[in-house]
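**Student:** Have a look at this fold, sequence not included:
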Ligand SMILES: Nc1nc2c(ncn2[C@@H]2O[C@H](COP(=O)(O)OP(=O)(O)OP(=O)(O)O)[C@@H](O)[C@H]2O)c(=O)[nH]1
Ligand SMILES: [Zn+2]
């Protein structure tokens, strides 16, 4: 589980801050520092762009209410696009626990990359343990790692599953995300309340019909 160069937009780094690779923080429990590998937001440029947008929308960015809006909006986007760093903490699976571990109803907030509008809902993230088990909070932290980005729901779902498979080497991984896209409710087709469900299953949860069924039953998804 250690030593790989990260894929996609996420990097793992050790205390030296090399930006790539994995350096254990401590041997037991095993901790790996996880940081996102994307470039940071250029706040000054974002601020100028929001000022330009306000002018393009026919507003006066110098008015008292709007004067600070470019700064606020730039910081809001920076916050929404920056996941928190965390330690990926794993423990030996000494008892050989081999049933599903599932964190249900993890809140998901992300930004649709087509309209830059939020989509939000819940994720259900589960795995069938192999040699190591994961600190439970880390399932939610991995969701945030990929959700705080410009996304489409399908990619987000698959990135969470693939990342867990790669770094935990479990016997199986299952991720379901149910979310409402504001670009579908506030504008455009305007179907407020419609939720999109996506799933990504790997290993035994994909191949074994009973495990798959159990996973969907526990998530409350009828598949
Ligand atoms: N597959 C997928 N599509 C998404 C996601 N978020 C938004 N979209 C869709 O992206 C599509 C963009 O289509 P376009 O026709 O280029 O955009 P549009 O003219 O604004 O389309 P409407 O939303 O139908 O008004 C829309 O159908 C959105 O609903 C997502 O997470 N996954
Ligand atoms: Zn959209």
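**Tutor:** Perfect, I can see it now. In this text, all values refer to a predicted model and were calculated from it rather than measured experimentally. Ligands and ions are numbered 1, 2, ... in the order given.

**Student:** for whichever residue of the chain sits closest to ligand 1, helix, strand, or coil?
**Tutor:** Ligand 1 sits closest to residue 188 of the chain, with a gap of 3.0 Å, by Cβ to the nearest ligand atom. All C-beta atoms are positioned from the backbone trio N, CA, C, and that covers glycine. When classified by DSSP: H, G, I helix; E, B strand; the rest coil, residue 188 comes out as coil.

**Student:** For it, give its distance to ligand 2.
**Tutor:** According to Cβ to the ion, to the nearest Å, residue 188 stands 8 Å off from ligand 2.

**Student:** State the pLDDT value of that residue.
**Tutor:** In this model, residue 188 is scored at 97, pLDDT.

**Student:** again with residue 136
**Tutor:** For residue 136, pLDDT reads 97.

**Student:** Residue 40 now?
**Tutor:** On the pLDDT scale, residue 40 gets 88.

**Student:** Residue 141 looks like it's in a helix, true?
**Tutor:** Yes. Under three-state DSSP, residue 141 sits within a helix.

**Student:** beta partners of the nearest residue to it once chain neighbours are set aside?
**Tutor:** In space, residue 141 comes closest to residue 86 once its chain neighbours are excluded; the distance is 4.6 Å by Cβ to Cβ, 6 or more residues apart in numbering. On the basis of DSSP bridges, residue 86 is bridged to residue 34.

**Student:** residues near residue 86, how many?
**Tutor:** 19 (other Cβ atoms under 10 Å).

**Student:** for residue 84, same thing?
**Tutor:** As a measure of burial, residue 84 has 11 neighbours, counting by other Cβ under 10 Å.

**Student:** Name the nearest residue to it, sequence neighbours excluded.
**Tutor:** Using Cβ to Cβ, 6+ apart, the nearest residue to residue 84 is residue 144, at 6.6 Å.

**Student:** Go through stretch 193-207 and flag the buried ones.
**Tutor:** Across stretch 193-207, burial judged by 16 or more other Cβ atoms under 10 Å covers 198, 199, 200, 201, 202, 203, 204, 205, 206.

**Student:** how long is it from one end to the other?
**Tutor:** 33 Å (Cα to Cα, to the nearest Å).

**Student:** check whether it contacts ligand 2.
**Tutor:** No. Stretch 193-207 does not reach ligand 2 (Cβ under 5 Å from the ion); its nearest approach is 10.7 Å.

**Student:** now check that stretch, is it near ligand 1?
**Tutor:** No. On the criterion Cβ under 6 Å from any ligand atom, stretch 193-207 is out of touch with ligand 1, staying 6.9 Å away.

**Student:** pLDDT averaged over that stretch - what is it?
**Tutor:** The average pLDDT for stretch 193-207 rounds to 98.

**Student:** what comes into contact with the strand or helix carrying the residue nearest to residue 84?
**Tutor:** If you go by DSSP states H and E, residue 144 is part of helix 137-147. With contact meaning Cβ atoms under 8 Å, 6 or more residues apart in numbering, helix 137-147 is reached by 10, 34, 36, 83-84, 86, 88-89, 103, 106, 108-110, 123, 125, 156, 159-160, 163-164.
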